[in-house]
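**Q** Here is the input, now give the coordinates:
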Amino acid sequence: MLAANTETSGDTFEDRFPAPQFRDRFPTEKESFVPYQRSAATPAAAPAAQASPRTAPPSPVRVASIAPTLTLPSATERDELTTLVSMKSSAFPYFGNNPRTDTPFLNVGSGERRGHRSYSGRVYWQNETYNDSRVLVHMPESFNVNKPGVIVVFFHGNGATLERDVRDRQLVPQQITDSGVNAVLLAPQMAVDAADSSAGKFWQAGGLKRFLDESAPHLARLYGDPKSAQIFANMPVVIIGYSGGFLPTAWSLDVGGAGNRVRGVLLLDAVYGELDKFASWIEKNRTGFFVSSYTRYTRQRDRELMSILRGKGISVSESMEGPLRPGSVVFVQTRDGITHRSYVTQAWTEFPVRDVLTRMAATPALSRVASAPSQSGR
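**A** Predicted coordinates for the structure are as follows:
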């Protein structure tokens, strides 16, 4: 079920997802993002002793235009790059069925207008909420296609946009860069700024594989070497699902068709359902890792999943101490006071995406997936 409707504590969706103060308008193909600069706060703006690492990150992000005429530097002179790329295999637009009900996803009509009535009863219109095919792509300056690497697929939660939330508030691109791991990011736009976890094309058999296949030439182009497309097409994958991102994560693991390319899963306060799919993937993939960190909102479901796994004879840890190892299954409850809304930047530790990637790279068997790049360049 939709994350907002599996709540048992009495809190509402609005309690966990305060309404945004403004709505971003995504740029058209003829426009580009205004570059987002990350710089330390000046003394006049905020004393250094009071500056937060999240509000004063150290280095700038270069945001490129998404125009078709974009000219990118070669791999030997490329800077850190964060951009949007339109992909046919991204989650939306989606005109198929909801597999849970085997009924059309777009189940509401008003004249020529089509929309989807969510589990909460609210109607979201296709042209406003389910029509953005773009994917946030991030490639650190130090990324080296000639070294073991990993593609991080990030499924955001409800009430989010790629620019305002995934990039600027949750700092997912920055966390990947700061991990020092040889990784690139693919974050598809799910339902735009809506209380809806629908998986769109990731509901379909082979959906994740098609998404990864289509991303390979885009990543090669951004890297500056078209010949590297084959390397990206076979690169291992780590999937991260936050909150409502549990639904595309679960279906990608179950029917996505990526096979053993998926080497790890991180769920951030996201076990709202689909326990059978998560348990099945863990049971069948004993060389990968699975981490679920949770607050009181998902505690009951996480504990239920732990019980299912232990019943299958799978060892479960409830501590994030030490590196991640092949076959690691870790559940960790975060302390009171950690909010669901800030979970991507503050869970069991600050910047949990960075922490998991670093722990993955610290294990010899997993570090061959994504070794930390050397300082000597390419």
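
**Q** ok, the residue most central in space within the chain to S243 distance?
**A** Nearest to the mean C-alpha position of the chain, by Cα atoms, centre = their mean, lies F154 at 1.3 Å. Applying Cβ to Cβ, to the nearest Å, the value for F154 to S243 is 12 Å. C-beta here means a position set from N, CA and C on the backbone, and glycine is covered the same way.

**Q** who does the closest residue to the residue nearest to the centre of the chain other than its chain neighbours bridge with?
**A** Using Cβ to Cβ, 6 or more residues apart in numbering and skipping residues adjacent in sequence, the residue nearest F154 is A187, 4.1 Å away. With DSSP bridges as the criterion, A187 is bridged to L136.

**Q** and A187, what pLDDT?
**A** A187 carries a pLDDT value of 98.

**Q** ok, now L84?
**A** For L84, pLDDT reads 97.

**Q** E80 reaches E141, doesn't it?
**A** Yes - using Cβ atoms under 8 Å, E80 is in contact with E141, at 4.3 Å.

**Q** between those two, what contacts are shared?
**A** T177 (Cβ atoms under 8 Å, 6 or more residues apart in numbering).

**Q** The two - which one has more neighbours?
**A** E80 (18 against 14; other Cβ atoms under 10 Å).

**Q** Now do that one against S179, distance only.
**A** Taking Cβ to Cβ, one finds E80 at 13 Å from S179.

**Q** again with N234
**A** 22 Å.

**Q** In the protein, what residue spans correspond to strands?
**A** 81-86, 97-98, 103-104, 108-110, 113-117, 123-125, 134-139, 150-155, 183-188, 237-242, 262-268, 289-294, 329-333 (DSSP state E).

**Q** closest one to V353 among those strands?
**A** Among these, strand 237-242 comes nearest to V353, with 6.3 Å by Cβ to Cβ.

**Q** can you tell me the average pLDDT over the closest one?
**A** 98.

**Q** Partner strands of that strand and their direction?
**A** strand 150-155 (parallel), strand 262-268 (parallel).

**Q** can you tell me the average pLDDT over the last one?
**A** Confidence over strand 262-268, taken as the mean pLDDT, stands at 97.

**Q** Extract the CA atoms of it and return them as CSV.
**A** Listed next in CSV are the C-alpha coordinates belonging to strand 262-268 (Å, rounded to 0.1, in the frame of the first residue of the first chain):
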residue,chain,number,x,y,z
VAL,A,262,22.1,-5.6,-8.3
ARG,A,263,24.8,-6.1,-5.6
GLY,A,264,23.2,-4.1,-2.7
VAL,A,265,20.0,-2.5,-1.4
LEU,A,266,19.6,0.3,1.1
LEU,A,267,16.1,1.2,2.4
LEU,A,268,15.8,4.5,4.3
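
**Q** Going along the chain, name the helices of the stretch 151-300 of the chain.
**A** With helices called from DSSP state H, counting those that start in this stretch, the stretch 151-300 of the chain shows them at 172-179, 207-223, 229-233, 246-255, 275-284, 299-311.

**Q** got CSV for those, with distance to R113 too?
**A** Below are these laid out as CSV (distance: least, Cβ to Cβ, whole Å):
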stretch, distance to R113
helix 172-179, 33
helix 207-223, 26
helix 229-233, 38
helix 246-255, 25
helix 275-284, 33
helix 299-311, 36
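
**Q** of all these, which lies closest to T103?
**A** Using Cβ to Cβ, the nearest of those to T103 is helix 246-255, at 16.5 Å.

**Q** got the angle for the closest one vs strand 150-155?
**A** Angle, helix 246-255 to strand 150-155, by axes from the mean of the first three to the mean of the last three Cα atoms, to 10 degrees: 130 degrees.

**Q** Any idea what V329 is bridged to?
**A** F290.
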